[in-house]
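> The following comprises the amino acid sequence and a computationally predicted model.
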Amino acid sequence: MSTRDEKQSMKPPKVLIPEIKLQARVKELASEIARDVQGKEVVAICILKGSFVFFSDVIRHLDMPLSCEFLGLSSYGNKMVSSGEVKVTLDLNDPIEGKHVIVFEDIVDTGLTLTYILQSLAARRPASIKTCALLMKPSSLKVEIEPDYVGFRIGNEFVVGYGIDMAGKQRGLPYIGYIEHDH
Ligand code: IMP
């Protein structure tokens with residue numbers, strides 16, 4: 001890491017979405033989801049690693065029987081720019097054929113990762129797939145994709161916290177922060 005990068009990573013992130021707003025929105029998302037999938041056999045899929053905090057908060061507000069699955073993905077190359085090329089680091093444990101699936105993703109940026117996920121899951125023949133993204137950066141989209149549920153639409157800032165990392169760090173922040181760039 002260069003001295004400039006070290007200085008950059010030592011700066012505390014600025015608050016973009018405070019904890020209280022996150023928690024309120026998570027509760028709202030859970031009620032919307034519960035209303036839509038009530039009575040169905042639901043599999044909630046957490047996309048690792050970035051979604052684990054969001055996922056665990058949402059499912060605790062989902063008052064229904066559901067199975068939890070984890071799909072581990074890691075981007076190739078430079079993490080600040082998505083290529084859509086992802087490596088599966090952990091696969092689902094059980095088949096999802098005939099089940100109603102809800103995918104929980106931390107951020108939709110270019111949309112390439114979610115597109116890849118949807119293609120890969122569709123091949124396993126679930127009864128339906130819904131997608132829930134905590135954050136979406138509409139101006140960065142490279143493919144046409146609209147999650148069924150979106151927590152917050154944000155700008156192009158690079159965000160961290162609430163499970164989301166920068167080079168593996170900052171996941172433990174209870175709020176969504178952004179990194180200010182030096183000019
Ligand atoms: P996409 O394929 O461009 O939509 O990228 C989605 C993935 O890129 C997310 O699941 C994150 O892992 C990562 N990502 C995109 N934007 C950010 C960010 O601002 N902070 C941290 N990770 C990000």
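Here it is on my side, so go on. Numbering: from 1, shown residues only.
> what is the rounded mean pLDDT of stretch 133-140?
Taken as a whole, stretch 133-140 has a mean pLDDT of 96.
> One more: stretch 48-63?
96.
> for stretch 70-82, same thing?
Stretch 70-82 comes out at a mean pLDDT of 72.
> again, but for stretch 28-41
Rounded mean pLDDT across stretch 28-41 is 94.
> Report the buried residues of it.
Within stretch 28-41, the residues that count as buried by 16 or more other C-beta atoms under 10 Å are L29, A30, I33, V37. All C-beta spots, glycine's among them, are computed from the backbone N, C-alpha and C.
> Check stretch 123-135 too.
Across stretch 123-135, burial judged by 16+ other C-beta under 10 Å covers P126, I129, K130, T131, C132, A133, L134, L135.
> want to throw those residues into TSV with distance to the ligand and secondary structure?
Below are these laid out as TSV (distance: C-beta to the nearest ligand atom, whole Å; DSSP: H, G, I helix; E, B strand; the rest coil):
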residue	distance to the ligand	secondary structure
P126	21	coil
I129	17	strand
K130	17	strand
T131	12	strand
C132	13	strand
A133	9	strand
L134	10	strand
L135	8	strand
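> show me the contacts for the residue positioned nearest the centre of the chain.
By C-alpha atoms, centre = their mean, the chain has its centre lying nearest to D106, at 1.5 Å. When contacts are counted by C-beta atoms under 8 Å, 6 or more residues apart in numbering, D106 is found next to I47, G50, S51, F54, A133, L134, L135, G163, I164.
> What lies in contact with the lengthiest helix in the chain?
The longest helix of the chain (DSSP state H) is helix 19-37. Under the criterion C-beta under 8 Å, 6+ apart, residues 54, 57-59, 61-64, 100, 102, 130, 132, 148-149, 151-152, 162, 174-176 lie in contact with helix 19-37.
> And for stretch 148-155?
Under C-beta under 8 Å, 6+ apart, the answer for stretch 148-155 is 16-17, 22, 25-26, 29, 32-33, 36, 54, 108, 130-139, 176.
> Report pLDDT for T3.
46.
> which parts of stretch 62-73 are buried?
Using 16+ other C-beta under 10 Å as the test for burial, stretch 62-73 gives L62, L66, E69, F70, L71, L73.
> Out of those residues, which sit inside strands?
Of the positions in those, L66, E69, F70, L71, L73 sit in strands, assigned by DSSP state E.
> Tell me the one among these nearest to the ligand.
Nearest to the ligand among these, counting by C-beta to the nearest ligand atom, is L73 at 7.6 Å.
> coming back round to it: quick one: which of the ones in strands among the buried residues of stretch 62-73 is nearest S120?
L71 (8.4 Å; C-beta to C-beta).
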